[in-house]
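> Predicted model and sequence follow; I will ask about them next.
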Amino acid sequence: MHKIIVCLILFIYRLIVNAQLIKVSERENIIKSESKDHRCVLDQKSKLIWEVKLSDKGLQDENSSYIWFDV
């Protein structure tokens, strides 16, 4: 399990280092890079969208996590 986590961290690091990141609002609009009020980040290179965790309750709560497979 530890090896999987390390590999995942390295993979994400590699994506971020080569990333072309764009901030996205809650209404799915591209916003200025200086803006602090964004809900997601789009990586133009990999075409992945990263969720921004928030301190308030809701779908993007920093204490919640979701997986894409059955455990």
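Now that the structure is in, tell me what you want to look at.
> Give me the residue at the spatial middle of this protein.
Nearest to the geometric centre of the chain sits residue 50, at 2.0 Å (C-alpha atoms, centre = their mean).
> gap between that one and residue 24?
Per C-beta to C-beta, to the nearest Å, residue 50 is found 10 Å from residue 24. From N, CA and C alone the C-beta is placed, and that goes for glycine too.
> And residue 5, by the same measure?
Per C-beta to C-beta, residue 5 is found 27 Å from residue 24.
> which stretches of this structure form strands?
For the chain, the strands defined by DSSP state E occupy 21-24, 40-43, 48-51.
> chain center to the second one, what's the gap?
Going back to what we said before, that points to strand 40-43. 6 Å (C-alpha atoms, centre = their mean, to the nearest Å).
> same question, the last one
A distance of 4 Å separates the centroid of the chain from that of strand 48-51, by C-alpha atoms, centre = their mean.
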